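# Would you be able to build a 3D model of this:
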Amino acid sequence: MTVDPIDRRILRALQTDSRQTVAEIGAVAGLSPSACHRRIRSLEQAGVIAGYTARLDRRALGYAMEFFVEVALRSQSDKALEAFERAVEATPEILECHLMAGDTDYLLRVVAVDAADFERIHRERLARLPHVARLQSHLAIRTVRPWAGYPPRET
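So this is what the prediction gives:
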């Protein structure tokens, strides 16, 4: 699917606030509500819009700390990677997991209530993940630019 400038305006509006009405999004995109609705449906059917979620505030949920954890595995076999990834999926404190190129096999984004909670997560969960050889943790002091969605690119 080719994403044109009108689609990009719709996508930006949805990423800013997906609870806007079709009429509000249409006004931003320069479309009638019915034309805007057709465009949104088309973007959904093409898989450009993968779903709708609510962004939660981690601090309001009691998670005062956020860590990025580099993981090196003992083995990079398909079996080892699959076992590690299955275990990550079952660990709720791990918000994101990225397979990396370079010295680090995976980069995890982890939340914790406080330092003692992170120590527990590290000891009871992260260190026990299958095939882990090394963990290196980095405390995020402050988020300078939070993720706000993908920039709809020119095609």
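
# Every contact and neighbour count from this point should use C-alpha atoms.
Will do.

# Give me the residues contacting stretch 121-137.
67-75, 80, 83-84, 87-88, 91, 93, 112 (Cα atoms under 8 Å, 6 or more residues apart in numbering).

# switch to 10 Å and redo it
67-76, 79-88, 90-94, 104-112, 115-120 (Cα atoms under 10 Å, 6 or more residues apart in numbering).

# I'd like to know which of those residues are buried.
Among the contacts of stretch 121-137, those buried by neighbour count (16 or more other Cα atoms under 10 Å) are 67-73, 80-81, 84-85, 88, 93-94, 104-112, 118.

# Check which helix or strand the residue nearest the centre of the chain maps to.
The structure's the chain has its C-alpha centroid closest to Glu96; by Cα atoms, centre = their mean the separation is 6.0 Å. Per DSSP states H and E, Glu96 falls inside strand 94-99.

# Who are the packing partners of that strand?
strand 65-73, helix 78-89, strand 106-112 (3 or more Cα pairs under 10 Å, 6 or more residues apart in numbering; DSSP states H and E).

# what do you get if the cut-off is 8 Å, keeping everything else the same?
Judged by 3 or more Cα pairs under 8 Å, 6 or more residues apart in numbering; DSSP states H and E, the packing partners of strand 94-99 are strand 106-112.
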